[in-house]
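S.K.: pasting a predicted model and its sequence here:
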Amino acid sequence: MKQPLVIAPSILSADFARLGEDTRGALEAGADWVHFDVMDNHYVPNLTIGPLVCQALRDFGITAPIDVHLMIEPVDRIIPDFAEAGASVISIHPESTRHLDRSLSLIRECGCKAGIVLNPATPLDVLDWVSDKIDLVLLMSVNPGFGGQKFIPSALTKLKQARRIIDDSELEIRLEIDGGVKPDNAADIIAAGADTLVAGSAIFGSNDYAGVIRALRGH
Ligand SMILES: O=C(CO)[C@H](O)[C@H](O)COP(=O)(O)O
Ligand SMILES: [Fe+2]
């Protein structure tokens, strides 16, 4: 069953020199979660932020769920560090770990919700074998590594298929979409079955966070 819509601004597009203020600004403007992109210059060709920055946001007073998207390889070593630093959800790409079942179990053992992230060309089949171990499926609608890319249209077909799989499972699993989400494609994305929208450049590239967040919700 579809859950209430969540808007998760990707802080990848925030001003890193004012990360606390920008994050707070997006939440005060109506966002629900903070999407936290972790890149290692190995799994993806870019390098971003780690547990210290997650902890810094908590210390700054950010209480909203922090949705950690790990684009790193390997993942197991860093999962407990993110849990301790205040992560709420930790999502991993199946090809970034040798033992997916073990890594997903580790996320829950550390007290976080577990997510699986599928790249644009990665099939949905893996969901058959991990559905009892996940709280969230994140479909990438761009190739991971950078903000500000164009939405890949086939992600809409994949969203519809993932929605059917989740509904058939009768499990409480969120369906999140990440990459190129904008006010002008949000309605189609929601209609295709997404209940959690990540948006980085659309929100932080605007000087009206509240207006963009309202538009993403379709208001
Ligand atoms: O995971 C990501 C990139 O790998 C980002 O979350 C994503 O690209 C968000 O940025 P934008 O909304 O600007 O596309
Ligand atoms: Fe992301």
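M.R.: Yep, that arrived. Numbering: from 1, shown residues only. Ligands and ions are numbered 1, 2, ... in the order given.

S.K.: residue numbers of this protein in contact with ligand 2?
M.R.: The chain comes close to ligand 2 at residues 37, 69, 178, as judged by C-beta under 5 Å from the ion. (Each C-beta comes from the backbone N, C-alpha and C, glycine too.)

S.K.: the first one: what secondary structure?
M.R.: Using DSSP: H, G, I helix; E, B strand; the rest coil, the secondary structure recorded for Asp37 is strand.

S.K.: correct me, but it touches Ala14?
M.R.: No - if you go by C-beta atoms under 8 Å, Asp37 and Ala14 don't touch, sitting 10.5 Å apart.

S.K.: the more surrounded of the two?
M.R.: Neighbour totals were compared for Asp37 and Ala14, and Asp37 leads with 24 against 21 (other C-beta atoms under 10 Å).

S.K.: what separates the nearest residue to the more buried one once chain neighbours are set aside from Pro51, distance-wise?
M.R.: Counting by C-beta to C-beta, 6 or more residues apart in numbering, Asp37 lies nearest to Leu12, which is 4.4 Å off, once chain neighbours are set aside. Distance, Leu12 to Pro51, using C-beta to C-beta, to the nearest Å: 16 Å.

S.K.: name the element the closest residue to ligand 2 within the chain belongs to?
M.R.: Nearest to ligand 2, among the residues of the chain, is His69, at 3.7 Å (C-beta to the ion). Element membership for His69 (DSSP states H and E) is strand 66-71.

S.K.: now swap in Arg102 and tell me
M.R.: Taking DSSP H and E as the definition, Arg102 sits inside helix 100-109.

S.K.: which one of the residues of the chain next to ligand 2 sits closest to Glu109?
M.R.: Using C-beta to C-beta, His69 comes nearest to Glu109 of the residues of the chain next to ligand 2, at 19.7 Å.

S.K.: mind checking how far the helix or strand where Gly211 lies is from the chain centre?
M.R.: Remark: Gly211 resides in helix 209-217, with elements defined by DSSP H and E. Put simply, helix 209-217 sits 18 Å off its chain's centre (C-alpha atoms, centre = their mean, to the nearest Å).

S.K.: may I see the buried residues of it?
M.R.: Under the neighbour-count criterion of 16 or more other C-beta atoms under 10 Å, helix 209-217 has 209, 212-213, 215-216 buried.

S.K.: again with stretch 28-45
M.R.: So for stretch 28-45, counting by 16+ other C-beta under 10 Å, buried means 29-40, 43-44.

S.K.: redo these as a markdown table? Include pLDDT.
M.R.: Formatted as a markdown table, the buried residues of stretch 28-45 follow (pLDDT from 0 to 100):
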| residue | pLDDT |
| --- | --- |
| Ala29 | 98 |
| Gly30 | 98 |
| Ala31 | 98 |
| Asp32 | 98 |
| Trp33 | 99 |
| Val34 | 99 |
| His35 | 99 |
| Phe36 | 99 |
| Asp37 | 98 |
| Val38 | 99 |
| Met39 | 98 |
| Asp40 | 98 |
| Tyr43 | 98 |
| Val44 | 98 |
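
S.K.: so where is the chain shaky, pLDDT-wise?
M.R.: By pLDDT under 70, the chain contains no weakly predicted segment.

S.K.: let's go with 90 and repeat that
M.R.: Applying pLDDT under 90 to the chain flags residues 1-2.
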